[in-house]
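# Give me a 3D structure for the following:
(one chain, ligands or ions: 1)
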Amino acid sequence: MGGILIIEDEPGVQMTLEDCLQAEGYTTETRGDGMTGQEEAETGNYDLIILDIMLPRRDGFTVCQNLRKKSIHTPILMLTARNTNLDIIMGLRQGADDYMAKPFDMGLLLARIEAILRRSALTTSETNRSTNIYPFGEFLFDLQKGTLTQGDDLITLHAKEFSLLEFLVKHPNELLNRVKILNEVWGYESETTTRTVDVHIAKLRQKLGESELPRHIMTLRGQGYRFIP
Ligand code: CA
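Residues are numbered from 1 along each chain as shown. Predicted structure coming up:
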């Protein structure tokens, strides 16, 4: 998962893109024509697609249109030498997220890429929040359905474990002390103590398979816990 798919037929542009993107830490995959480019894009394994318009076998507009029709919503940055307004408008209407005219300035292209990726990351996290789905590691915690899954496996949680995990996923990366967790998850029930928190954290860790080596629920000695998604 991840990386940038380059669909471009000119070897010089391909190489420039690959070199610069890889130097910035992106992983890249390149296809030299519209047909194989579209096939690769359909795997959905990319964070971004850089798509040329004038391509052998299938032009970029058609590729873009086909991908959106097939519900592939990977952000697309159109690359074109034909930078007339009509083309640009057409490209954006086919579902592209941005465009750049060739020859392009690599610094500017990188800035555009960063902006698109930032926007799409934001949209994804907003979607997750509004649908109450919290992915972390190999797990998916779905508040709507009330389920915790690891791949295809459903993990059974008791009511308090569920509430505790809910509190944790909603406060990622925060230092949560035992008293705070106790008040938020248990309320002010008289018979519970901070020891109760530790017991339930231990049970949750067991269910997440991280009793020995915590990966998501970290202990901060003498301070409390921190949830790392
Ligand atoms: Ca071309």
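
# Surely R112 is within a helix?
Yes. Applying DSSP: H, G, I helix; E, B strand; the rest coil, one finds R112 inside a helix.

# Leaving out sequence neighbours, find the closest residue to it.
D98 (5.5 Å; CB to CB, 6 or more residues apart in numbering). Where C-beta positions appear, they are placed from N, C-alpha and C, glycine not excepted.

# What backbone torsions are found at that neighbour?
Here is the backbone geometry of D98 (degrees, to the nearest 10): phi -160, psi 170.

# Next: L122.
phi -60, psi -50.

# In CSV, could you pull the C-alpha coordinates for stretch 109-129?
The C-alpha coordinates for stretch 109-129 follow below in CSV (Å, rounded to 0.1, in the frame of the first residue of the first chain):
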residue,chain,number,x,y,z
LEU,A,109,5.1,19.6,-8.8
LEU,A,110,6.3,18.2,-5.4
ALA,A,111,4.4,21.0,-3.6
ARG,A,112,1.2,20.1,-5.5
ILE,A,113,1.7,16.4,-4.7
GLU,A,114,2.1,17.2,-1.0
ALA,A,115,-1.0,19.3,-1.1
ILE,A,116,-3.1,16.6,-2.7
LEU,A,117,-1.9,14.0,-0.3
ARG,A,118,-2.6,16.2,2.7
ARG,A,119,-6.1,16.9,1.4
SER,A,120,-6.8,13.2,0.8
ALA,A,121,-5.4,12.1,4.2
LEU,A,122,-7.7,14.7,5.8
THR,A,123,-10.7,13.5,3.9
THR,A,124,-10.0,9.9,4.9
SER,A,125,-9.7,10.7,8.5
GLU,A,126,-12.8,12.8,8.4
THR,A,127,-14.7,9.9,6.8
ASN,A,128,-13.5,7.6,9.4
ARG,A,129,-14.5,9.9,12.2
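
# who touches that stretch?
Stretch 109-129 is contacted from outside by 4, 20-21, 24, 26, 47-48, 50, 75, 77, 97-98, 100, 134-135, using CB atoms under 8 Å, 6 or more residues apart in numbering.

# Mind doing that once more with 7 Å?
Residues from elsewhere that reach stretch 109-129 (CB atoms under 7 Å, 6 or more residues apart in numbering): 20, 24, 47-48, 75, 77, 97-98, 100, 134-135.

# Next, report how far that stretch is displaced from the centre of its chain.
Stretch 109-129 sits 9 Å away from the centroid of its parent chain (CA atoms, centre = their mean, to the nearest Å).

# I'd like to know if stretch 47-57 reaches the ion anywhere along the stretch.
Yes. Using CB under 5 Å from the ion, stretch 47-57 comes into contact with the ion via 52, 54.

# Beta-bridge partners for the residue nearest to R112, please?
When bridges are called by DSSP bridges, D98 pairs up with L77.

# Would you confirm that it contacts L77?
Yes. The pair D98 / L77 is scored as a contact, 5.1 Å apart, by CB atoms under 7 Å.

# before we move on, the earlier item: quick one: neighbours of the residue nearest to R112, just the number.
Each residue near D98 was counted by other CB atoms under 10 Å, and the total is 18.
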